[in-house]
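Novice: Next one to model:
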Amino acid sequence: MCTSLSKEVIENMITAYACVSCGIRQLSPYSIQSTYLPGVAATLDMKRAPSKDLFRQAMNGKEVKLVMAGFRREYDKKNAKADKLRLPFGLDLAIKSKQVMKQCHMYSRYGQDEDILIERVFKLST
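Specialist: Numbering: from 1, shown residues only. Purely as a prediction, here's the structure:
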């Protein structure tokens, strides 16, 4: 016997998943909202499931949005924005190159001007 799910039941399933994933497993609510939930919706679309529209309505429902907003606030408190800062790969290498120049004494033949030259090269390259 197959019973159809209501929007409220699907909302409860989504919020229960969010509670387990964010509250217990400490996953990012941003990744759940931007990757997992749209992925489930896309899978339902591909399978032409009758509940695909209901899932999208529930996913964008007020209850789910409130729960996810609460988890985002808590996640942001525990994970400072500075910890989530991503440097471009090239900038990261440039910063590392400054350390390498000093360790390899690339400009040691210039004596006390070595640090000044490294600073100039570093500022020109970044």
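
Novice: How about residue 50, nearest residue that isn't a chain neighbour?
Specialist: Take residue 50 and drop its neighbours on the chain: the residue closest to it by Cβ to Cβ, 6 or more residues apart in numbering is residue 4, 7.5 Å away. For the C-beta atoms, the positions are set from N, CA and C on the backbone; glycine is no exception.

Novice: roughly how far apart are the one you found and residue 29?
Specialist: Between residue 4 and residue 29 the distance is 29 Å, computed by Cβ to Cβ, to the nearest Å.

Novice: Those two - which one has more neighbours?
Specialist: Of the pair residue 4 and residue 29, residue 29 is the one with more neighbours under other Cβ atoms under 10 Å, namely 21 against 8.

Novice: Surely the more buried one touches residue 19?
Specialist: No. No contact is recorded between residue 29 and residue 19 when judged using Cβ atoms under 8 Å, the distance being 10.6 Å.

Novice: re the thing from before, which stretch of helix or strand covers the residue nearest to residue 50?
Specialist: Applying DSSP states H and E as the criterion places residue 4 outside every helix and strand.

Novice: and the gap between it and residue 45?
Specialist: The gap separating residue 4 from residue 45 is 18 Å, by Cβ to Cβ.

Novice: so who does residue 5 touch?
Specialist: Residues touching residue 5, when contacts are defined by Cβ atoms under 8 Å, 6 or more residues apart in numbering, comprise 51, 54.
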